[in-house]
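>>> no letters, just coordinates:
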């Protein structure tokens, strides 16, 4: 199947579940299931160990759904992953979110992917740029950082957004596209913290962190000229 076919299967599956439940809830539950399933403990132990808090969150979110519906969620995750295999650094999540859930309400239309690619190339970087930090303080679904990773993947990526759903989208996009870094749900201006995760660091997978463990919260990137950092604004 092509990327377009995988994208359509992903979209149709979510919309079908959205006819039985609230669509925004279905989408957010999909994100949570995907993140919990790819917890660093699950991956590093090959499911021989579990993280108790992660397991509790997973069991809570799947409770309203039948076995058939949970199988459908699993197929959605497979379509999402296979879509990325066809077109790496694509943003299937952000496209669905803005088209079917926010529909532009509250200004939540994300920057189009071709514009993100143009912005990333405007830095004049290439794959020789390594070991630096790229940071987006209003990340949406993370597509600006995905565009940056497309041309310079061997860097650390940091993202935060005031929306928990956006932070979850970015975390999954980081995970499946191989970006290493950190994602936080927090207010960039007031520094009010909600949740945070390390992604693919130090090992493959997603791991929840407290604000005291977060580089974004403990050492906010305020001045791009200090240290090795490439801001996107």
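Perfect, thanks for sending it. The structure presented is a predicted model; accordingly, all values stated were derived computationally and were not measured.
>>> the strand or helix carrying residue 197: how far from the chain's middle?
Using DSSP states H and E, residue 197 sits in strand 193-199. Its chain's C-alpha centre and that of strand 193-199 lie 11 Å apart, by C-alpha atoms, centre = their mean, to the nearest Å.
>>> can you list contacts of the lengthiest helix in the chain?
Of all segments of type helix in the chain, defined using DSSP state H, the longest is helix 67-86. Contact with helix 67-86 is made by 1-3, 6-7, 9-10, 13-14, 16-17, 20, 29-30, 33-34, 37, 62, 65, 90, 92-93, 172, 176-177, as judged by C-beta atoms under 8 Å, 6 or more residues apart in numbering. For the C-beta atoms, the positions are set from N, CA and C on the backbone; glycine is no exception.
>>> what comes up buried for the strand holding residue 197?
193, 195-199 (16 or more other C-beta atoms under 10 Å).
>>> following the longest helix of the chain, which helix or strand comes up?
Per DSSP H and E, the helix or strand that comes after helix 67-86 is helix 92-96.
>>> report the distance from that next one to the chain centre.
11 Å.
>>> and what of stretch 94-112?
Using C-alpha atoms, centre = their mean, the offset of stretch 94-112 from its chain centre is 15 Å.
>>> same thing with stretch 199-206?
13 Å.
>>> again, but for stretch 12-20
21 Å.
>>> just to revisit the earlier point, can you select the buried ones from the contacts of helix 67-86 in PyMOL?
A single PyMOL command selects the buried members of the contacts of helix 67-86 (16+ other C-beta under 10 Å):
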select buried, resi 6+7+9+10+13+14+17+29+30+33+34+37+62+65+90+92+93+172+176+177
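>>> filter the contacts of helix 67-86 down to just the ones in helices.
Those of these lying in helices (DSSP H): 3, 6-7, 9-10, 13-14, 16-17, 29-30, 33-34, 37, 62, 92-93, 172, 176-177.
>>> does the residue nearest in space to the middle of the chain count as helix, strand or coil?
Nearest to the mean C-alpha position of the chain, by C-alpha atoms, centre = their mean, lies residue 170 at 2.0 Å. Applying DSSP: H, G, I helix; E, B strand; the rest coil to residue 170 yields a three-state assignment of helix.
>>> can you tell me the closest non-neighbouring residue to it?
The shortest distance from residue 170 to any residue other than its chain neighbours is 3.4 Å, reached at residue 142 (C-beta to C-beta, 6 or more residues apart in numbering).
>>> next one: residue 195
Here the residue nearest residue 195, using C-beta to C-beta, 6+ apart, is residue 185, at 4.8 Å.
>>> do residue 11 as well
residue 96 is the one closest to residue 11 (C-beta to C-beta, 6+ apart), at 6.0 Å.
>>> what number of residues are in the vicinity of that neighbour?
As a burial measure, residue 96 scores 21 neighbours (other C-beta atoms under 10 Å).
>>> repeat for residue 189
8.
>>> ok, now residue 45?
Quick note: residue 45 (other C-beta under 10 Å) scores 12 neighbours.
>>> from residue 209, how far off is it?
19 Å (C-beta to C-beta, to the nearest Å).
>>> what stretches of the protein score poorly on pLDDT?
104-108, 221-233 (pLDDT under 70).
>>> try it again at 80.
103-109, 220-233 (pLDDT under 80).
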